[in-house]
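Visitor: output the structure for:
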Amino acid sequence: MFTHAWQQDRTYRFSVLHTNDHHGHFWPNAQGEYGLAAQKTLMDKMRYEVQARGGGALILSGGDINTGTPESDLLDAEPDFRGMNLVGYDAMAIGNHEFDNPLTVLRQQEKWAKFPLLSANIYQKSSGKRLFKPWALFNRMGLKIAVIGLTTEDTAKIAHPAYLQDIEFRDPIAEARKAAEELRAQEKPDVIIALTHMGHYDNGHHGSNAPGDVTLARSLPAGTLNIIVGGHSHDAVCMEKENVSQRDYQPGTPCRPDQQNGVWIMQAQEWGKYIGRGDFTFRNGELTLENYQLVPVNLKHKIKNRDGSESWLTWGEEVTGNGAMMKLLMPFKKRGEAQLQVKIGRAEGTFIGERNKVRFEQTNMGQLILRAQMARTQADFALMSGGGIRTSLPSGPITYHDVLEVQPFANQLCVVTLTGEEIARYLAVVANIKPDSGGFAQFANVSLVADGSGVSGIKINGVPLEAKKTWRMAINSFNAAGGDGYPRLDQHAGFVNTGLVDAEVLKRYISEHSPLKASEYAPRGEIVYLTEAQKRERDSKEEKMRHRSYPKMLLAWLWPSSFGASQ
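Guide: Residues are numbered from 1 along each chain as shown. Model prediction:
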């Protein structure tokens, strides 16, 4: 039986300050929301408040620092990691998007970071050893706190396969138990925190995603973990009632984190929009959450002025950005903007993305974008609304800036597994959205005939659709959520949001496949739209065929033996 470090009848105070799913947002947006400069100001203020109450603060990130803004992506998230150093982060979970680049990039990021990047369940296949530090230990005012890192198993299916050839993502639940047992035997921590990138799913209903924080808490013996600080699902985890979280959390309103099997579960949405703050006391082996809040980082909402104009109003108090942070990040911001003009590839011929084309007919630009998405997700086919394509790529050099003009909305790439029956119903809606609308669909690896209300002759990559067989479809998050009148897919059991930004996916494809020959992406008439005259002609032929078959059907009924019917 081991002894604890804590003293009998002494009250220990500590606070967990946390963010997650940063995704390159080191700089504030056009409205002045979030950004590491304002975050630094708030973190310093909170740390001082905690210390004034006799406690210690622990600053944690739920991972996914990479992928999201071009200025960060082009610099391998160096400004983000260096900015996090200045904020004072103590540890970070390794997220799935840390594998959007080769492992050498992640190793460089480990060198930039002055805090540990943690994951207990990522192993090297060839050696059978852990690839990263599994946990870190912290002393806060005499209290010994262990932080275990865990990464979603979904990384194996949503990260780039080329970067995972010698990497294995083991069951995080089994690894959490193993790590906790090792810690208690060797280090004897007073509190164990799981710092995860696994996702929060109400009541453990994770659909086709890997199990998340709720399942983790429920699956371990009571007392194995005390707190889970999470990421991955981009949720503001504030519970409306047991096992049901609030939807559309409004900044500044009360927030109660989830609690499962005695474990507090916290997550602070995304991009540094909030800092989660949990104030805890520990006394005689008992951990108590005294207060929790999600603190908005200069989040704003629109208001209408009396003259009809609109203004942005900050939720709560406006936070001034830390000067030292601004000085640190400004050179990175300028470098990133300059690199947007660097050539990433070349087009041989024009890729047509003009409004009067992509909203009326299939185009080679639609093919280019969708082939890029299929290549990244190993999907069987792909589609998107033409309104998501904003301009053409002319023949000649292509820059990242050009790509962002084509796809400026930063939609995320998603995949969904559907049966043939589901695909037929879905395409009956999508393929019949009228031309001259943003919803007019662009397709890749699909052939069909659309008649204004239904579809026929559906083939996926040349293979006829089968009702019970399943196919994997790539689609962006806007259309998956019902944008442009598409049927919603984001609640489907087979749905996965990869988190990859569409423009980044296109950029990588262009750089890997240049020079791009426009002629090789030209549609080949796979999508046929029947005119009214063609529909009348088709219906007339079908009617004639029914009449021709009527006498034979009548004879078969009167003399079934003559037509091979059983007696």
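Visitor: so which residue is dead centre in the protein?
Guide: Geometric centre of the chain, nearest residue: G499, 2.6 Å, by Cα atoms, centre = their mean.
Visitor: quick one: it is in a helix?
Guide: No - per DSSP: H, G, I helix; E, B strand; the rest coil, G499 lies outside any helix segment and is strand.
Visitor: for stretch 24-43, buried residues please.
Guide: Under the neighbour-count criterion of 16 or more other Cβ atoms under 10 Å, stretch 24-43 has 24-28, 32-43 buried. In this view, the C-beta of every residue, glycine as well, is placed from N, C-alpha and C.
Visitor: among these, name the ones in helices.
Guide: Mapping these onto helices (DSSP state H) picks out 36-43.
Visitor: what about the strands in the stretch 351-500 of the chain?
Guide: With strands called from DSSP state E, counting those that start in this stretch, the stretch 351-500 of the chain shows them at 381-385, 396-399, 412-419, 441-444, 446-450, 455-460, 463-464, 470-476, 495-501.
Visitor: how's this structure carved up into domains?
Guide: Domains of the chain are assigned by automatic domain parsing as 11-336, 341-529, 537-563.
Visitor: just the mean pLDDT for the second one, thanks.
Guide: Which is domain 341-529. The average pLDDT within domain 341-529 is 93.
Visitor: numbering from 15 from now on, please.
Guide: Got it, the first residue is 15 from now on, which makes the last one we talked about domain 355-543.
Visitor: need the distance between the two termini of it.
Guide: Taking Cα to Cα, to the nearest Å as the measure, domain 355-543 stretches 40 Å from start to finish.
Visitor: distance between it and the chain's centre?
Guide: 18 Å (Cα atoms, centre = their mean, to the nearest Å).
Visitor: nearest to A19, out of the domains of the chain?
Guide: Among the domains of the chain, domain 25-350 comes nearest to A19, with 4.6 Å by Cβ to Cβ.
Visitor: what about E534, which SS state?
Guide: Assigned with three-state DSSP, E534 falls in the helix class.
Visitor: how far away is it from A393?
Guide: 19 Å (Cβ to Cβ, to the nearest Å).
Visitor: before we move on, what about R522?
Guide: Going from R522 to A393 by Cβ to Cβ gives 16 Å.
Visitor: equivalent analysis for N153, please.
Guide: Distance of N153 to A393, computed by Cβ to Cβ: 49 Å.
Visitor: okay, those two: which has more neighbours?
Guide: When N153 and A393 are compared for neighbours, A393 comes out ahead with 22 against 11, by other Cβ atoms under 10 Å.
Visitor: my read is that that one contacts Q387, right?
Guide: Yes - using Cβ atoms under 8 Å, A393 is in contact with Q387, at 6.9 Å.
Visitor: what touches both of those two?
Guide: Shared contacts of A393 and Q387 (Cβ atoms under 8 Å, 6 or more residues apart in numbering): A488.
Visitor: and the residue nearest to the centre of the chain, how close does it get to L132?
Guide: Counting by Cβ to Cβ, the gap from G513 to L132 is 20 Å.
Visitor: now swap in G292 and tell me
Guide: Taking Cβ to Cβ, one finds G292 at 19 Å from L132.
Visitor: now do the phi/psi pair for the closest residue to T25 other than its chain neighbours.
Guide: Using Cβ to Cβ, 6 or more residues apart in numbering and skipping the chain neighbours, the partner closest in space to T25 is R297 (4.7 Å). R297 adopts backbone torsions of phi -150, psi 120, taken as degrees, to the nearest 10.
Visitor: in the sheet, who's paired with R297?
Guide: With DSSP bridges applied, R297 shows beta-bridge pairing to T25, E300.
Visitor: that one: neighbouring residues, count only.
Guide: A count of neighbours around R297, defined by other Cβ under 10 Å, yields 15.
Visitor: per-residue confidence at it?
Guide: 97.
Visitor: what separation is there between it and E557?
Guide: Distance from R297 to E557, by Cβ to Cβ: 84 Å.
Visitor: hmm, back to that, more neighbours, G292 and L132?
Guide: Per other Cβ under 10 Å, whichever of G292 and L132 has more neighbours is L132, with 27 against 20.
Visitor: model confidence score at that one, please.
Guide: Each residue has a pLDDT score; the one for L132 is 98.
Visitor: if I pick it, what's in contact with it?
Guide: With Cβ under 8 Å, 6+ apart as the criterion, the residues that contact L132 are 105-108, 146-150, 161-163, 209.
Visitor: and of these, the nearest to W278?
Guide: Minimum distance to W278 across those is 13.0 Å, recorded for L209 (Cβ to Cβ).
Visitor: tell me the confidence at the closest one?
Guide: Looking at L209, the pLDDT reads 98.
Visitor: that one and I159 touch, don't they?
Guide: No - with contact defined as Cβ under 8 Å, L209 does not count as touching I159 (11.0 Å).
Visitor: ok, the two, which is more surrounded?
Guide: Neighbours were counted for L209 and for I159 using other Cβ under 10 Å; L209 has more, 32 against 24.
Visitor: for that one, name its beta-bridge partners.
Guide: L209 has these beta-bridge partners by DSSP bridges: G163, V243.
Visitor: and it, how far from G142?
Guide: The gap separating L209 from G142 is 24 Å, by Cβ to Cβ.
Visitor: hang on, the earlier thing: show only the entries of the contacts of L132 found in helices.
Guide: Short answer: the contacts of L132 have none in helices (DSSP H).
Visitor: need the residues you listed in TSV with distance to T484, can you?
Guide: Listed next are those as TSV, based on distance: Cβ to Cβ, whole Å:
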residue	distance to T484
A105	40
M106	36
A107	32
I108	31
F146	35
K147	39
P148	37
W149	39
A150	42
V161	40
I162	36
G163	34
L209	35
